[in-house]
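sharing a sequence plus its predicted fold:
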Amino acid sequence: MSPSQQPTNYDLTLETVSGISYYISRPLLEMDGILAVFTARKGGVSREPYSSMNLAFHVGDNRKSVLKNRDLVCSLFDLDFRRMVCAEQVHGTKVAIVGKRDIGKGALSLESSVRDVDALITDQPFTPLTLFFADCVPVILVEPEKRVVSVTHAGWRGVYGNIVGNVIKSMVSPRSELAAGLLAFIGPSIGGCCYQVGGDLIRMFSQRFANSKNWLHGDRIDLGEIVRMQLIESGMAAPNIYICEDCCTSCHNEVFFSHRAGRGTTGRQAAIAAILRKPSSHPRP
């Protein structure tokens, strides 16, 4: 196999620009013109306990600070934060397809968010799909050829209900695409090192999911690993799943917002996906 035929490595890497830190798939942006980014907690204007890059309205932060933070992040990628599309995030399994009429929903207020869903899909250019996290699992899916992106919020209820499977069905079936052609990015979330749960939840998950040795560590559940398993079971190729390494939000509360580490009062980082420019003139491997 020649160097030009080698498969692309779409790994997430940590970057810091103007004091704002984030994990990004730089090859996806440079080669395919598609943004997949997970923000961290530093570089914004919010004050304690939301310091400093809080991007969510619903936590009690000052609205003007949230809008400024959204502008700061979007400006890094030449995006208009007023075109953001955000969801209500109800810890469910419903998915919404975002069209032209939905652009800007949730950008300027919580009340205008897309209601009653935890995942968004779009093929609209320059439309940043944005969901918010402080321990739950963020998942970005990309179909690079047809230029379709999605962002998913997966808490334990969403993982149990296989919301990522619902997203893949919504992305794949209407367009007759194969799930094997998708790219997945699993962002910062609470890890199996820290996500301590009760016996009832362990029993529920043990009855539903196989290979517990991979995701159950005593009384701690690794939700991100279960999501990875679900993506593969939905038809994705394992090498196309990229994970933010060493990104437990609770372990690294100085880097990320964590609901548990913050004892329920904290900000939210974001997962953002957007279709930007046309792909590079160089063919994808």
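Yep, that arrived.

for the rest of this, base every contact and every neighbour count on C-alpha atoms.
Fine.

OK, contacts around the residue most central in space within the chain?
Nearest to the mean C-alpha position of the chain, by C-alpha atoms, centre = their mean, lies residue 138 at 3.2 Å. When contacts are counted by C-alpha atoms under 8 Å, 6 or more residues apart in numbering, residue 138 touches 131, 151, 152, 153, 154, 186, 187, 188, 189, 271.

go on, residue 242?
Here residue 242 is in contact with 10, 11, 12, 183, 184, 185, 186 (C-alpha under 8 Å, 6+ apart).

farthest-apart pair in the contacts of residue 138, please.
151 and 189 (14.3 Å; C-alpha to C-alpha).

can you list contacts of the one helix or strand residue 67 maps to?
Assessed by DSSP states H and E, residue 67 sits inside helix 63-75. Contact with helix 63-75 is made by 20, 44, 45, 46, 53, 54, 55, 56, 57, 80, 81, 108, as judged by C-alpha under 8 Å, 6+ apart.

please repeat the previous calculation with a cut-off of 7 Å.
44, 45, 46, 53, 54, 55, 56, 57, 80, 81 (C-alpha atoms under 7 Å, 6 or more residues apart in numbering).

just the ones in helices from the residues you listed, please.
Within these, no residue falls in helices by DSSP state H.

looking at these, state which has the most neighbours.
residue 54 (34 neighbours; other C-alpha atoms under 10 Å).

wouldn't it be in contact with residue 46 here?
Yes - with contact defined as C-alpha atoms under 7 Å, residue 54 counts as touching residue 46 (6.4 Å).

ranges for the helices of the chain?
26-32, 63-75, 156-160, 163-172, 199-208, 212-215, 223-233.

and of these, who's closest to residue 94?
Once the helices of the chain are compared by C-alpha to C-alpha, helix 163-172 is nearest, at 7.1 Å.

list of residues touching that closest one?
Residues contacting helix 163-172 (C-alpha under 7 Å, 6+ apart): 93, 95, 154, 178, 179, 230, 231, 234.

what's near enough to touch the first one?
This points to residue 93. By C-alpha under 7 Å, 6+ apart, the contact list for residue 93 reads 117, 118, 158, 161, 163.

need the max-distance pair from those.
117 and 161 (13.1 Å).

who has more neighbours out of those two?
residue 117 (20 against 17).

excluding chain neighbours, what is closest to the more buried one?
Nearest-residue entry for residue 117: residue 94, 4.8 Å, with adjacent residues in sequence omitted and distances by C-alpha to C-alpha, 6 or more residues apart in numbering.

also residue 151?
Leaving aside its sequence neighbours, residue 151 sits nearest to residue 140 (C-alpha to C-alpha, 6+ apart; 4.6 Å).

residue 166 versus the one you found, what's the distance?
Residue 140 sits 13 Å away from residue 166, taking C-alpha to C-alpha, to the nearest Å as the criterion.
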